[in-house]
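> Curious how this folds, go ahead:
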Amino acid sequence: MSIRLDHIGIAVNDLEQGVKFWELLGLTTTKEIETNEEQGVKILFLSPSSGQVPSLELLEPTGPDTPIGQFISKRGPGIQQLAFEVDDISQIISRLQSNGVQMIDEIPKIGAGGNKIAFVHPKSTGGVLVELVEK
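From the prediction side, this is the model:
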């Protein structure tokens, strides 16, 4: 079973403002802004000019009571999660749970780009929110 770092999620107050530094650094937007109503977030991906991964995922909350809105309220803008691409998300979730890992999402849901995603609780990862992605 393979796993690789897919992207790093960064919470921002405003995508338009948040993207400026990363574009100056040389990253380019890879897609249009996507809104995920279920998660209450606007999403914009950026990649190195080489097109290689990992990419950056900028996350703007659609409201203060959304997960990203609450994250920014508690911690301010910044790195919100590390996302790893996996071959079989259901199998990974099962393996993690059978080893005592606490999941936020026990059943995958649909994330950006229509990918299956699930989050691992930071209590089980040393304080880091980990997103699993199956493309």
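
> Helices of the chain, residue ranges please.
Per DSSP state H, the chain carries helices over the ranges 15-25, 67-75, 89-98.

> What are the contacting residues of the last one?
If you take CB atoms under 8 Å, 6 or more residues apart in numbering as the criterion, helix 89-98 is touched by 1, 3, 86, 103, 105-108, 116-118, 120, 124, 132-134. C-beta: built from backbone N, CA, C; applies to glycine.

> per-residue pLDDT, the residue positioned nearest the centre of the chain?
Geometric centre of the chain, nearest residue: residue 9, 4.4 Å, by CA atoms, centre = their mean. If you check residue 9, the pLDDT there is 98.

> Touching, residue 35 and residue 43? I think so.
Yes - at 7.4 Å, residue 35 and residue 43 qualify as touching, with contact defined as CB atoms under 8 Å.

> The nearest residue to residue 119 once chain neighbours are set aside: how many residues sit nearby?
Distance criterion CB to CB, 6 or more residues apart in numbering; nearest residue to residue 119, sequence neighbours excluded, is residue 104 at 4.0 Å. By the criterion of other CB atoms under 10 Å, residue 104 has 15 neighbours.

> one step back: now the residue nearest to the centre of the chain. Nearest residue, chain neighbours left out?
Nearest non-adjacent residue to residue 9 (CB to CB, 6+ apart): residue 81, at 4.1 Å.

> residues in contact with that neighbour?
Applying CB under 8 Å, 6+ apart, the residues near residue 81 are 8-9, 119, 128-131.

> hmm, try it at 6 Å
9, 129, 131 (CB atoms under 6 Å, 6 or more residues apart in numbering).
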